[in-house]
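no sequence on this one, just coordinates:
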């Protein structure tokens, strides 16, 4: 018995040492892996009888910009130079800190001459906080923000930059986007953006019924009396845009961040159910209640981010958690989502960035995705 004890002690010590070495090696690799973004490519089939023209959609998510993340802006600049993109959708969490504003601008700026749309995530409003690492292994690691907490990130500056570029703010809102697919890259007919100070705020679902003559319905980002500007694009501008040969209409709906329970499903644009209109629904966090609602509405494609693909994965296993209530199988990539009434295609981006407090990715490379809409 006395001889067995040292043997057990040596075995235990060896196990602890091996585990510590593996953990250290994994973190060292994770610190490197986060710096090697990749562009994923997917085909999204649609029935040929609907008359939808082929086009490409770039999905960007979860940049989490803070000083030192310049390589992500350089990566997206290279994507803009090399790829044929018709529409850009950004699904939020652009900030890792308040100092990341210029980097967030730099990351999106190469695409500002293209049609685009966006929603925000919690890390566009509120700074990331240092947390226990064990929280990243919980299925839903959120904590409710204090009701009176005021956003401390420059989200309004980012929203204004996006809308000034003509992008649609889909936070609890809907829009109609018309792509001129035969246009030379670098030029597109403008869709007039008109400031409407009479538009009421904070009435997202109610006011959609009164915006049938607008290409972009009003949306809201209200925190403790702080509001962004409401924008509207008049339908006559969109009609002129659609008159160009080669135009493809894309109907868009979106919600503010479900992770903060700020989601209110909007009414769809009146063109939503036309066969020749491609229907896209957008949210930052892919919570089931939102995915089911979008699917029941007949969305062709749902776009979300938030999960970071699990951020920590195992080869052959995949994501360990999703940080929301969506199953691990849907942590990233293009999959079918089935609601009780219908089915849609769901693309969840693993995103490009990380929290400044957990700058690691393991078996989950940072990514943007290029989705090709393909009539079949």
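That came through, no problem. All values derive from a computational prediction rather than experimental measurement. Numbering: from 1, shown residues only.

Show me where the stretch 51-200 of the chain has its helices.
70-82, 101-108, 122-125, 155-164 (DSSP state H, counting those that start in this stretch).

Burial-wise, tell me which of the ones you listed comes out on top.
Mean neighbours per residue, mean count of other C-beta atoms under 10 Å, is largest over the helices of the stretch 51-200 of the chain for helix 122-125, with a mean of 25. Every residue, glycine included, has its C-beta placed from N, CA and C.

on contacts alone, who are the packing partners of it?
helix 155-164 (3 or more C-beta pairs under 8 Å, 6 or more residues apart in numbering; DSSP states H and E).

what is the mean pLDDT for stretch 325-336?
Mean pLDDT, stretch 325-336: 94.

quick one on the thing from earlier: can you list the helices of the stretch 51-200 of the chain in JSON lines and add mean pLDDT and distance to residue 62?
Supplementary listing: the helices of the stretch 51-200 of the chain in JSON lines, determined by pLDDT from 0 to 100; distance: least, C-beta to C-beta, whole Å:
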{"stretch": "helix 70-82", "mean pLDDT": "97", "distance to residue 62": "10"}
{"stretch": "helix 101-108", "mean pLDDT": "98", "distance to residue 62": "11"}
{"stretch": "helix 122-125", "mean pLDDT": "96", "distance to residue 62": "8"}
{"stretch": "helix 155-164", "mean pLDDT": "97", "distance to residue 62": "14"}
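
could I get those helices as TSV with distance to residue 175?
Formatted as TSV, these follow (distance: least, C-beta to C-beta, whole Å):
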stretch	distance to residue 175
helix 70-82	22
helix 101-108	18
helix 122-125	19
helix 155-164	11
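
so which of those helices gets nearest residue 91?
Closest of those to residue 91 is helix 122-125, at 10.5 Å (criterion: C-beta to C-beta).

Now do the buried residues in stretch 281-299.
281-287, 290-295, 297, 299 (16 or more other C-beta atoms under 10 Å).

Between the two ends of that stretch, what distance do you get?
6 Å (C-alpha to C-alpha, to the nearest Å).

now swap in stretch 315-326 and tell me
OK, stretch 315-326 end separation, C-alpha to C-alpha: 20 Å.

Skipping adjacent residues, who's closest to residue 365 in space?
Closest residue to residue 365 apart from its sequence neighbours, by C-beta to C-beta, 6 or more residues apart in numbering: residue 38 at 5.2 Å.

thought that neighbour was touching residue 367?
Yes - here residue 38 reaches residue 367: they are 5.2 Å apart, a contact under C-beta atoms under 8 Å.

Please identify which of the two sits among more neighbours.
residue 367 (22 against 13; other C-beta atoms under 10 Å).

Does that one touch residue 353 like I think?
No - Residue 367 is beyond contact range of residue 353, at 10.9 Å (criterion: C-beta under 8 Å).

tell me which residues in stretch 164-175 are buried?
165-175.

With stretch 173-186 instead?
173-180.

With stretch 320-335 instead?
Going by 16+ other C-beta under 10 Å, stretch 320-335 has these buried residues: 320-324, 326, 328, 330-334.

Check stretch 49-65 too.
In stretch 49-65, counting by 16+ other C-beta under 10 Å, buried: 52-53, 55-65.

Out of the buried residues of stretch 164-175, flag the one nearest to residue 342.
Among the buried residues of stretch 164-175, and counting by C-beta to C-beta, the member closest to residue 342 is residue 174, at 18.2 Å.

Next, find the distance separating the closest one from residue 38.
32 Å (C-beta to C-beta, to the nearest Å).

same check, this time on residue 163
From residue 163 over to residue 38 the distance is 30 Å, taken as C-beta to C-beta.

so where do the strands sit in the stretch 251-376 of the chain?
278-282, 301-304, 313-314, 318-319, 333-338, 343-348, 367-375 (DSSP state E, counting those that start in this stretch).

Out of the ones you listed, which is closest to residue 123?
Between these, strand 301-304 lies closest to residue 123; by C-beta to C-beta that is 14.6 Å.

Could you count how many residues lie near residue 375?
Count around residue 375 with other C-beta under 10 Å applied: 13.

For it, list the residues it contacts.
With contact set as C-beta atoms under 8 Å, 6 or more residues apart in numbering, residue 375 has these partners: 45-48, 50-54.

Look up the residues forming beta bridges with it.
residue 46 (DSSP bridges).

What spatial separation is found between it and residue 86?
In terms of C-beta to C-beta, residue 375 sits 14 Å off from residue 86.

And for residue 49?
For residue 49, the distance to residue 86 - C-beta to C-beta - is 22 Å.

again with residue 252
In terms of C-beta to C-beta, residue 252 sits 14 Å off from residue 86.

residue boundaries of the strands in the stretch 1-150 of the chain?
Under DSSP E, counting those that start in this stretch, the stretch 1-150 of the chain gives strands at 38-46, 55-60, 87-90, 116-118.

can you redo these as CSV with mean pLDDT?
CSV is the format used below for the strands of the stretch 1-150 of the chain (pLDDT from 0 to 100):
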stretch, mean pLDDT
strand 38-46, 97
strand 55-60, 98
strand 87-90, 98
strand 116-118, 98
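
Residue 357 against residue 123, yeah?
No - using C-beta under 8 Å, residue 357 is not in contact with residue 123; the gap is 11.7 Å.

Let me know how buried residue 341 is, in neighbour terms.
Neighbours of residue 341 using other C-beta under 10 Å come to 10.
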